[in-house]
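> coords please:
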Amino acid sequence: ENIDANFTQNSNTVLPGYIPRTDNFGLDFGYQDTFANRRSPLLPPTTGFILGSQKDIRGIAAENGWITRDTTLSNLFLNNKTTQFTARTAIEPFRGFRIELSMSRSETRNNSSFFRWVTDSSLPEGGSYQEIDPLSTGNFNMSYIFVNSAFESLTERVTRDSITFDAIATSNAFEEFSRNRQIISARRAGLTPNLNALSRQGEVEGGYQNGYLGNNQDVLLPAFLSAYGIIGPEKITLKNFPKIPLPNLSINNNGLTNLPFLKDIFNSITLKHTYRASYSVGSFNNNINADVENGFPVNTTVFREDVNGLPLENFQTEDNIASVSIREDFSPLIGVNMTMKNGITASIDYKRGRMLNLSVGTMQLSELHNQDLAVMFGYRKDKLDWQFTFMGKDFDLQNSMNAQLRLTMRDTREFNRSIVFDPANPDEALDAQYTRGTLNWIISPSIDYVVNTRLNLKLFYEQNINRPYTSQSFDTSFASGGVQIRFTLSN
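Here you go, the predicted model:
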């Protein structure tokens with residue numbers, strides 16, 4: 001029915017030590033370069049800068065004497081940029097059935113450095129402007145699709161020493177992540193024009209290409225995204241910050257009551273499904289040791305020597321990324337809300353989600369999985385019409401009553417998987433162990449009765465049961481219940 005797309009970009013630049021004054025339109029029409037004793041050929045700080053251009057003008061400013069030559073200048077030059085893209089569309093193929101698709105991408109990069117005059121008697125002017133301690137930081141997030149690995153079993157039956165128990169299941173996606181590194185390594189090496197920077201080229205131990213071993217950041221990130229996402233290692237982008245996001249989905253169907261055989265039984269039936277997933281780089285900073293030309297690294301580091309005493313090398317990465325994460329939520333996977341004409345209401349919500357965080361340096365994956373099942377049954381009677389005798393006294397309940405039974409199951413599990421990297425072994429050890437987790441059950445019945453317009457009476461009870469998955473915690477169970485009386489003084 002409609003498509004809504006937005007692209008925003010916010011940028012700002014701070015240039016410390018700026019000497020010219022601000023005149024009409026933000027320019028200085030009469031600035032005199034006191035260092036060269038001449039009139040500046042350009043109007044500082046340039047028309048483009050006044051109109052919002054974020055082009056780096058430090059070279060022009062230094063050449064035309066717009067920046068102080070104070071060697072103690074301690075304010076940072078700043079250049080920050082944030083881009084954000086969002087798109088949304090909704091279609092309704094038939095009445096009551098609505099599908100929404102949305103996608104998003106955001107990236108922030110903050111650059112800072114000291115830019116000041118450094119004295120040098122060997123130079124004609126006695127010194128020069130230099131950039132000192134450049135630092136680039138930022139973060140990244142985009143919508144993506146990971147459904148191909150969303151429904152893996154978390155546990156499996158294992159028998160050891162004649163004892164059978166539930167253990168953390170082997171993850172096909174994690175094993176694929178380990179295997180994909182060899183494919184990404186070969187793709188990286190095939191595109192890099194600077195292989196002559198290596199002491200040797202070609203395949204080395206473990207099936208990796210020298211320069212792009214299995215623990216190289218530029219190998220790990222595409223391998224990780226291709227293993228858990230829907231695009232395979234042969235086609236996945238090799239950029240650490242992919243350009244194209246993938247859509248998320250929301251479905252809502254409330255048109256079932258238009259069907260003749262349901263219309264006479266139900267007042268309303270709503271079916272819901274929502275899928276949200278994202279790939280994020282929490283933070284990154286530039287690698288001050290990296291030398292990059294045309295987007296490709298030039299310098300290398302030696303990881304270690306192979307069995308023949310030959311070096312195993314890795315290219316330096318342009319940015320240091322400590323960790324990346326995947327978040328995926330089916331909220332709900334299946335949701336049903338029903339209201340019947342006889343006063344019965346019911347709802348079922350089954351939600352599941354996961355958070356995967358890959359530590360690049362340790363090659364350890366932390367997985368947090370959760371499943372929620374919420375079931376509610378209710379019955380409402382506007383005129384109860386119930387007579388009974390209690391302790392010799394007759395009661396006649398004629399007002400409205402609302403009864404509900406809620407059952408909730410929450411299953412939360414967190415565990416770590418690690419790759420023990422050894423270039424000589426293409427099938428590195430894959431390990432998994434629980435860190436925490438709980439199975440929680442809540443049973444909560446309640447009855448709400450309206451005695452009159454001022455007085456409301458509620459009976460309630462709640463049973464809460466917790467079963468931990470680790471030996472560090474104990475089983476717990478507690479219950480609460482009682483009577484709640486609410487009296488309204490105002491009309």
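
> So the closest residue to residue 65 other than its chain neighbours versus residue 190, what's the distance?
Closest residue to residue 65 apart from its sequence neighbours, by C-beta to C-beta, 6 or more residues apart in numbering: residue 33 at 3.6 Å. (Each C-beta comes from the backbone N, C-alpha and C, glycine too.) According to C-beta to C-beta, to the nearest Å, residue 33 and residue 190 sit 51 Å apart.

> list the buried ones in the helix ranked longest in the chain?
Longest among the helix segments of the chain by residue count, using DSSP state H, is helix 172-191. The neighbour-count check on helix 172-191 (16 or more other C-beta atoms under 10 Å) flags 173-174, 176-178, 180-189 as buried.

> With stretch 406-414 instead?
Residues 406, 408, 410-414 are the ones in stretch 406-414 that count as buried (16+ other C-beta under 10 Å).

> mind checking how far stretch 400-417 is from the chain centre?
With C-alpha atoms, centre = their mean, to the nearest Å as the basis, stretch 400-417 stands 25 Å off its chain's centre.

> Ok, stretch 243-262 next?
25 Å.

> I would like the residues contacting it, please.
Contacts with stretch 243-262, where a contact means C-beta atoms under 8 Å, 6 or more residues apart in numbering, come from 85, 87, 94-105, 142-145, 230, 237, 263, 266-277.

> got any ranges where the stretch 351-491 of the chain has weak pLDDT?
For the stretch 351-491 of the chain, the stretches with pLDDT under 70 are 386, 388, 390, 395, 420-431, 490-491.

> List the contacts of the nearest residue to residue 150 once chain neighbours are set aside.
In space, and not counting its chain neighbours, residue 150 is closest to residue 328: 6.2 Å by C-beta to C-beta, 6+ apart. Counting by C-beta under 8 Å, 6+ apart, residue 328 makes contact with 146, 150, 275-278, 353-355.

> repeat that for 7 Å
Residue 328 sits next to 146, 150, 277, 353-354 when contact means C-beta atoms under 7 Å, 6 or more residues apart in numbering.

> name the element it belongs to?
Per DSSP states H and E: residue 328 is located in strand 323-340.

> With residue 355 instead?
strand 344-359.

> between that strand and strand 323-340, how big is the angle?
180 degrees (axes from the mean of the first three to the mean of the last three C-alpha atoms, to 10 degrees).

> What is the helix or strand just after strand 344-359 packed up against?
Counting by DSSP H and E, the next helix or strand C-terminal to strand 344-359 is strand 364-381. Contacts defined by 3 or more C-beta pairs under 7 Å, 6 or more residues apart in numbering; DSSP states H and E place strand 364-381 against strand 344-359, strand 401-420.

> try 10 Å
Helices and strands touching strand 364-381, by 3 or more C-beta pairs under 10 Å, 6 or more residues apart in numbering; DSSP states H and E, are helix 172-191, strand 323-340, strand 344-359, strand 401-420, strand 429-450.

> Starting from the last one, tell me which strands it pairs with and how they run.
Using DSSP bridges, the neighbouring strands of strand 429-450 in the sheet come out as strand 401-420 (antiparallel), strand 455-468 (antiparallel).

> Please identify the deepest-packed of the ones you listed.
strand 401-420 (a mean of 17; mean count of other C-beta atoms under 10 Å).
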